[in-house]
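[1] sharing a model prediction with you, sequence too.
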Amino acid sequence: MKAYVYVSLKKSVLDPQGKTIQGALKKMGYADIGEVRQGKYFEITLGGDLQQEQASAEIERIAREVLTNPVIEEFRYRLEQPD
């Protein structure tokens, strides 16, 4: 099973890197760009015989305890079964 985890700053937190990217895009001629916010992306392959509920709990725990700073970041994820 594979997990795809997306981490981003909470909406209430300023994103200076996103603002810099937004400014650069506008200078490059992309005039219709609105707000840009940046984040992190992780692909995690889970081994073994984890059931969907176990995998979900494990990924939530990893994201909460390792991948994010819960004060300023939030996360979302999706699980995918191998083909």
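    That came in fine, so what should we check first? Numbers count the residues shown, from 1 in each chain.
[2] element containing the residue nearest to the spatial centre of the chain?
    Residue closest to the average C-alpha location in the chain (CA atoms, centre = their mean): Y6, at 1.6 Å. Take DSSP states H and E as the rule and Y6 turns out to sit in strand 2-9.
[3] who does that strand touch, helix- and strand-wise?
    Packed against strand 2-9 by the contact rule (3 or more CB pairs under 8 Å, 6 or more residues apart in numbering; DSSP states H and E) you find strand 39-45, helix 52-62, strand 73-80. For the C-beta atoms, the positions are set from N, CA and C on the backbone; glycine is no exception.
[4] in this structure L9 contacts F75, no?
    No - counting by CB atoms under 8 Å, no contact exists between L9 and F75, whose distance comes to 10.9 Å.
[5] what's around Q38, how many residues?
    If you count neighbours by other CB atoms under 10 Å, Q38 ends up with 14.
[6] and for L9?
    Look at L9: counted by other CB under 10 Å, it has 20 neighbours.
[7] might one say that the residue nearest to the centre of the chain is in contact with E74?
    No - the pair Y6 and E74 does not pass the contact test of CB under 8 Å, sitting 9.2 Å apart.
[8] mutual contacts of these two, please.
    Here Y6 and E74 share no contacting residue, scored by CB atoms under 8 Å, 6 or more residues apart in numbering.
[9] quick one: which of the helices and strands packed on strand 2-9 is nearest A31?
    Proximity to A31 (CB to CB) singles out strand 39-45 among the helices and strands packed on strand 2-9, at 23.9 Å.
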